[in-house]
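Student: sequence and predicted structure, then a few things I'm wondering about:
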Amino acid sequence: MKKSILGVMITLLIVLSGCVQKTPEPEAEKDYICKDTPLAEGCYVPSDDLDFISPVADEYTISETFETDRVNQMPRNWLLYRNEEYKTDGVKATIVENGDNRYVELFSDGLKAPMYPQSAPNPTFIFSTKFNLDQDRKGVAYASILLPSDKPTDSISFGVSTGAVNTIQAIIGSDLKVQIKVGGPFFYYSGTADGGDIHSTNITIQKDTWYTFKFEWDASTNVVSASIQQGDQFTALYSGAFHISNRVNALADGAILVPNVFRVTMPRNYTNTYAYIDDVIVERKGA
């Protein structure tokens with residue numbers, strides 16, 4: 001019996017010893033052809049989602065008719081400035097509808113303003129959208145404005161700028177007279193009192209009437225201009241050279257930086273102010 005048990009145990013030991021894995025011998029290190037030139041042809045295969053990003057921004061225009069924006073909402077492609085000091089509804093830009101036409105109602109309580117230089121005519125209301133014609137360096141912008149008779153109004157400024165630096169804008173004063181401002185900071189005076197140049201016109205608007213303004217610029221000819229539509233024609237309000245404001249809208253060699261923002265402002269006047277805007281369009285000049 002003991003011999004039988006011993007034989008079984010020896011047999012099991014022999015079987016188990018055959019199941020023990022042997023440690024593999026280390027493979028010789030391979031010399032890969034791409035290890036020293038990982039970006040060489042045949043070594044680097046770029047991923048489809050790693051597209052090259054050009055350092056030159058794509059040009060784009062705008063066509064803001066507001067027909068596809070939701071009523072009682074702010075236009076989706078625009079920014080309205082406010083900070084923590086503003087009341088919740090201290091400034092508003094809201095889509096409204098009249099018949100089959102949608103446009104933007106602009107409102108300001110006139111109480112607060114950004115922290116710009118103390119001697120400046122600070123705006124409460126700053127409403128803007130962007131475009132890019134930096135390569136073409138010329139363009140045309142349109143905007144339609146209405147001041148209502150059944151709500152309080154004050155002055156309103158609108159036009160194109162290079163960042164915060166005005167290129168050309170129209171100013172409708174509280175007296176309803178139209179002026180054109182060329183150059184200077186868009187809504188305040190700089191530290192050297194360079195507020196741009198303001199040009200009077202013989203145009204006085206009427207309330208409850210839509211007026212379409214056109215602004216043009218061409219850096220190659222150094223000309224900016226503004227006009228207003230009267231009937232089927234545009235009447236010139238101003239045409240002249242770009243105004244370089246402390247060189248913040250030009251390079252050191254004098255090269256003009258063309259506009260890239262359409263902006264609307266209303267002043268800090270400590271009273272409620274309303275206006276309406278529609279059909280803000282920027283397109284290529286000569287298109």
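Tutor: Noted; the coordinates are in hand.

Student: element containing Asp150?
Tutor: Assigned by DSSP states H and E, Asp150 falls within no helix or strand.

Student: what does the pLDDT read for it?
Tutor: Looking at Asp150, its pLDDT stands at 96.

Student: buried residues of stretch 66-81, list them for me.
Tutor: Phe66, Asp69, Met74, Pro75, Trp78, Leu80, Tyr81 (16 or more other Cβ atoms under 10 Å). In short, each C-beta sits where N, CA and C put it, glycine included.

Student: the residue nearest to the third one when sequence neighbours are not counted in helix, strand or coil?
Tutor: Beyond its immediate neighbours in the sequence, the residue positioned closest to Met74 (Cβ to Cβ, 6 or more residues apart in numbering) is Ala93, lying 5.3 Å away. Using DSSP: H, G, I helix; E, B strand; the rest coil, the three-state assignment for Ala93 comes out as strand.

Student: Ile171 now?
Tutor: Going by three-state DSSP: Ile171 is strand.

Student: count of residues packed around it?
Tutor: The number of residues packed near Ile171 is 18, by other Cβ atoms under 10 Å.

Student: sketch out the low-pLDDT regions of the stretch 1-150 of the chain for me.
Tutor: For the stretch 1-150 of the chain, the stretches with pLDDT under 70 are 1-32, 44-56, 115-121.

Student: can you give me the strands for it?
Tutor: 62-64, 79-80, 91-98, 101-108, 123-130, 138-146 (DSSP state E, counting those that start in this stretch).

Student: those: which one's closest to Ile168?
Tutor: Checking these against Ile168 by Cβ to Cβ gives strand 138-146 as the closest, at 9.0 Å.

Student: run the chain-centre distance for the closest one.
Tutor: 16 Å (Cα atoms, centre = their mean, to the nearest Å).

Student: so it versus strand 101-108, what angle?
Tutor: 80 degrees (axes from the mean of the first three to the mean of the last three Cα atoms, to 10 degrees).

Student: and Val165, how close does it get to Ser239?
Tutor: 20 Å (Cβ to Cβ, to the nearest Å).

Student: higher neighbour count, those two?
Tutor: In this view Val165 and Ser239 are compared by other Cβ under 10 Å, and Val165 has more residues nearby, 23 against 14.

Student: so that one touches Ile244, yeah?
Tutor: No: with contact defined as Cβ atoms under 8 Å, Val165 does not count as touching Ile244 (9.4 Å).

Student: quickly list what's touching both of these two.
Tutor: The contact sets of Val165 and Ile244 overlap at Gly183 (Cβ atoms under 8 Å, 6 or more residues apart in numbering).

Student: and the helices in this protein, which stretches?
Tutor: All helices of the chain, identified by DSSP state H, fall at 2-19.

Student: can you point me to the longest strand in it?
Tutor: Across the chain, the longest stretch assigned as strand under DSSP state E is strand 273-283.

Student: pLDDT (mean, whole number) over that one?
Tutor: Mean predicted confidence for strand 273-283 is 97.

Student: direction included, what does it pair against?
Tutor: strand 62-64 (antiparallel), strand 101-108 (antiparallel), strand 138-146 (antiparallel) (DSSP bridges).

Student: would you map the strands across the stretch 151-287 of the chain?
Tutor: Taking DSSP E, counting those that start in this stretch as the criterion, the stretch 151-287 of the chain carries its strands at 156-162, 165-172, 177-182, 197-204, 211-218, 223-230, 233-240, 261-267, 273-283.

Student: what residues does the second one touch?
Tutor: Identification of contacts with strand 165-172 by Cβ under 8 Å, 6+ apart yields 145, 147, 155-161, 178-186, 196, 198, 205, 213, 215, 217, 224-226, 228, 237-238, 242, 245, 248-249, 258-259, 263.

Student: and if we set it to 6 Å?
Tutor: 156-161, 178-182, 184, 186, 196, 213, 215, 224, 226, 245, 248-249, 259 (Cβ atoms under 6 Å, 6 or more residues apart in numbering).

Student: for the fifth one, same thing?
Tutor: By Cβ under 6 Å, 6+ apart, the residues outside strand 211-218 that reach it are 138, 140-145, 159-160, 168, 170, 205, 224-229, 234.

Student: go again using 7 Å as the cut-off
Tutor: Contact partners of strand 211-218, identified using Cβ atoms under 7 Å, 6 or more residues apart in numbering, comprise 138-145, 159-160, 167-168, 170, 205, 224-229, 234, 258-259, 285.

Student: quick one: average pLDDT of that strand?
Tutor: Per-residue scores along strand 211-218 average to 97.

Student: now render the strands paired with strand 273-283 as JSON lines, adding mean neighbour count and distance to Ala40.
Tutor: Output for the strands paired with strand 273-283, formatted as JSON lines (neighbours: other Cβ atoms under 10 Å; distance: least, Cβ to Cβ, whole Å):
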{"stretch": "strand 62-64", "mean neighbour count": "17", "distance to Ala40": "45"}
{"stretch": "strand 101-108", "mean neighbour count": "20", "distance to Ala40": "57"}
{"stretch": "strand 138-146", "mean neighbour count": "21", "distance to Ala40": "45"}
